[in-house]
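>>> Sharing a sequence plus its predicted fold:
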Amino acid sequence: MVDRLKVDQTAIIAGTKYVLVSNINIPLRYLEDGSPLKEPLFNRVKQFIDVNYGPAQNTVWFEISATYQLVHRESGSTREWVGSFNPRVGPLIHETAVYDATFLNVLRRICVIEDIIQKLITFNNLESDWVFDSLHSIIIHISGFVPRDFPILYVRNLIHGKKRKTGRQIATFDLP
């Protein structure tokens, strides 16, 4: 569902706290040059982070990756890929950084479709039979430690209890 402006959110037990993880999927239509949707969307993303992570009073991190299509050089078969094509390279578009007052400027600078496509095309030189074909969406990954009584954990039903579950609860919803 790369064409949906949505959030996938989960929580992972980490000692006496949880790591709250949110992945915001942004379809390309929101990022096109001259789109009147772009700046309001960036503000919505910032507001989402402030509301969902701000009250925790802890450090929040973000990184930017993408969902894109790869094509096999010989067979022509395709596959959709999320994140970095080369795990040794890192998160693909923007390395992990602390969420702070510069966040909106980072989004404005990094979320330029042509620049992202150029970055992905450079992966075509890797020793792989798979090469970049087309960009589908941008993913903003956000994470931060929150206390066990953090309200969002209850609102989104992300609490695991004391025992570790084999499967995590994942809440999927439209970006508010």
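Here it is on my side, so go on.

>>> and the longest strand seen in the chain, C-alpha only, in CSV?
As assigned by DSSP state E, the longest strand anywhere in the chain is strand 130-147. The C-alpha trace of strand 130-147 is given here as CSV (Å, rounded to 0.1, in the frame of the first residue of the first chain):
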residue,chain,number,x,y,z
TRP,A,130,18.9,-6.4,-9.2
VAL,A,131,18.9,-2.8,-10.2
PHE,A,132,16.7,0.2,-9.4
ASP,A,133,13.6,0.6,-11.6
SER,A,134,11.2,3.0,-10.0
LEU,A,135,10.5,4.9,-6.8
HIS,A,136,7.1,4.4,-5.0
SER,A,137,7.2,6.2,-1.7
ILE,A,138,9.3,7.7,1.0
ILE,A,139,9.4,6.2,4.5
ILE,A,140,10.2,8.3,7.6
HIS,A,141,11.2,5.9,10.4
ILE,A,142,10.8,7.4,13.9
SER,A,143,11.8,5.7,17.2
GLY,A,144,12.3,6.6,20.8
PHE,A,145,12.1,5.2,24.3
VAL,A,146,8.9,5.7,26.2
PRO,A,147,7.8,4.6,29.7
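
>>> Packing partners of that strand?
Packing partners of strand 130-147 (3 or more CB pairs under 8 Å, 6 or more residues apart in numbering; DSSP states H and E): strand 17-27, helix 38-53, strand 60-72, strand 78-82, helix 113-122. Quick note: C-beta positions are derived from backbone N, CA and C, even for glycine.

>>> And for this structure, the residue most distant from the center?
E74 (30.7 Å; CA atoms, centre = their mean).

>>> thinking it is in contact with W130, fair?
No: the pair E74 and W130 fails to qualify as a contact (CB atoms under 8 Å) at a distance of 10.2 Å.

>>> got any ranges where the chain has weak pLDDT?
Filtered on pLDDT under 70, the chain yields the residue ranges 1, 55-56, 84-91, 124, 126, 160-167.

>>> Excluding residues flanking it in the chain, which one is nearest V51?
Spatial nearest neighbour of V51, excluding adjacent residues (CB to CB, 6 or more residues apart in numbering): P176 at 7.7 Å.

>>> Please look at the one you found and D50 and confirm they touch.
No: with contact defined as CB under 8 Å, P176 and D50 do not form a contacting pair (11.4 Å).

>>> Which of those two has more residues huddled nearby?
Using other CB atoms under 10 Å, the more surrounded residue of P176 and D50 is D50, with 13 against 9.

>>> In contact with that one, which residues are there?
Going by CB atoms under 8 Å, 6 or more residues apart in numbering, D50 touches no other residue.
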